[in-house]
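S.K.: no letters, just coordinates:
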């Protein structure tokens, strides 16, 4: 049985851990509010831009060609994985990595390379048999995402896709923020930019008519790269919000578990102390009786 001193040391250690988890929960909650506001502001623009460009590209694809629109084969993939730089975020990193593994398993016959945004994804797949074409770490550790960082990543993606004609498709893997308790891994095609099919357009509602002030080639030459930057930026914002929500939930659970453990250890400590006092009383009474 553990001694009274050992139990006190364990209780003190758990209390110190509980203070850390409570502080981490408060920090995550503050970062989550800012990240959630940014995601809410970025979503409508990113979704509308995808819908407009997807609809237009299906109409003007016969009039001109663009490297970011032209369909290729289906043999070589580039996966852009967005994870966190830090742990202690519950199952956040594990879920998006698991979704990526499932995607790679389903497309095992295809040659796949990866761009890793975040240390956790980079470290995991660096130990596996997959080529890491580029890595970006330390961009989301503060809980904020800079547009310039997303632009640099998107520029590298576009450059790799346009210069390396062996890459047929680029997929973006990230965690979409739903609520504090719910985050969903998402895998979507980034390049070539998918055109909206006729059926999808009908479901979206009445078809809009656009008037071009410049030739379509000039418009798309500027808007298509901007679309890639926007989607990468949104994915990073979604990932940061999901990370902070998952971390806040995990730290809240850890604090509650620490409290339950403290209560259990305190009860055991009181039992040990009561047993020691009882033993001393018995010894005193036995000695008095013997005298």
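M.R.: Right, received. Where do you want to start? If you're wondering where the values come from, they're calculated on a predicted model, not measured in any experiment.
S.K.: and the residue nearest the centre of the chain, how far is that from residue 176?
M.R.: Geometric centre of the chain, nearest residue: residue 239, 3.7 Å, by C-alpha atoms, centre = their mean. With the distance defined as C-beta to C-beta, to the nearest Å, residue 239 ends up 9 Å from residue 176. Placement of C-beta: from N, CA and C, glycine included.
S.K.: hmm, back to that, other SSEs contacting the helix or strand containing the residue nearest to the centre of the chain?
M.R.: When secondary structure is defined using DSSP states H and E, the element that contains residue 239 is helix 216-290. Contacting helix 216-290 under the criterion 3 or more C-beta pairs under 8 Å, 6 or more residues apart in numbering; DSSP states H and E are the following elements: helix 4-60, strand 76-82, helix 92-106, helix 147-163, strand 169-179, strand 182-191.
S.K.: and those, which is most packed in?
M.R.: strand 76-82 (a mean of 24; mean count of other C-beta atoms under 10 Å).
S.K.: list of residues touching that one?
M.R.: If you take C-beta atoms under 8 Å, 6 or more residues apart in numbering as the criterion, strand 76-82 is touched by 96-97, 100, 103-104, 107, 110-118, 121, 125, 133, 153, 157, 160-161, 166-175, 190, 232, 235-236, 239.
S.K.: one more pass at 7 Å, please.
M.R.: When contacts are defined by C-beta atoms under 7 Å, 6 or more residues apart in numbering, strand 76-82 is touched by residues 100, 107, 110-118, 121, 133, 157, 160, 166-174, 190, 235-236, 239.
S.K.: where does the stretch 1-150 of the chain have low pLDDT?
M.R.: Scanning the stretch 1-150 of the chain for pLDDT under 70 picks out the ranges 1-2, 56-64.
S.K.: what do you get if the cut-off is 50, keeping everything else the same?
M.R.: Along the stretch 1-150 of the chain, the model assigns pLDDT under 50 to no residue.
S.K.: which ones are touching residue 165?
M.R.: With contacts defined as C-beta under 7 Å, 6+ apart, residue 165 is in contact with no residue.
S.K.: from residue 127, how far out is residue 86?
M.R.: If you go by C-beta to C-beta, the gap between residue 86 and residue 127 works out to 19 Å.
S.K.: neighbour count: the two, which is higher?
M.R.: Legend: neighbour count by other C-beta atoms under 10 Å for residue 86 and residue 127, higher for residue 86 (16 against 7).
S.K.: would you agree that one falls within a strand?
M.R.: No. With DSSP: H, G, I helix; E, B strand; the rest coil as the criterion, residue 86 is assigned coil and is not in a strand.
S.K.: show me the contacts for it.
M.R.: Contacts for residue 86 were tallied using C-beta under 7 Å, 6+ apart; they are residue 141.
S.K.: please name the bridge partners of residue 80.
M.R.: residue 115, residue 172 (DSSP bridges).
S.K.: my read: residue 266 touches residue 8, true?
M.R.: No. Shown here, residue 266 and residue 8 do not form a contact pair, counting by C-beta atoms under 7 Å, at 9.8 Å.
S.K.: surely residue 227 and residue 51 touch.
M.R.: No. Contact status for residue 227 versus residue 51: not in contact, 10.9 Å apart, counting by C-beta under 7 Å.
S.K.: tell me the pLDDT at residue 222?
M.R.: The predicted local confidence for residue 222 comes out at a pLDDT of 83.
S.K.: how many neighbouring residues does it have?
M.R.: Based on other C-beta under 10 Å, the number of other residues close to residue 222 is 9.
S.K.: from residue 157, how far off is it?
M.R.: Residue 222 sits 17 Å away from residue 157 when distances are taken as C-beta to C-beta.
S.K.: with residue 281 instead?
M.R.: Look at residue 281 and residue 157: by C-beta to C-beta, they are 77 Å apart.
S.K.: and residue 20, by the same measure?
M.R.: Counting by C-beta to C-beta, the separation of residue 20 from residue 157 is 38 Å.
S.K.: where does residue 210 land on pLDDT?
M.R.: pLDDT recorded at residue 210 is 64.
S.K.: residue 203 now?
M.R.: Looking at residue 203, its pLDDT is 48.
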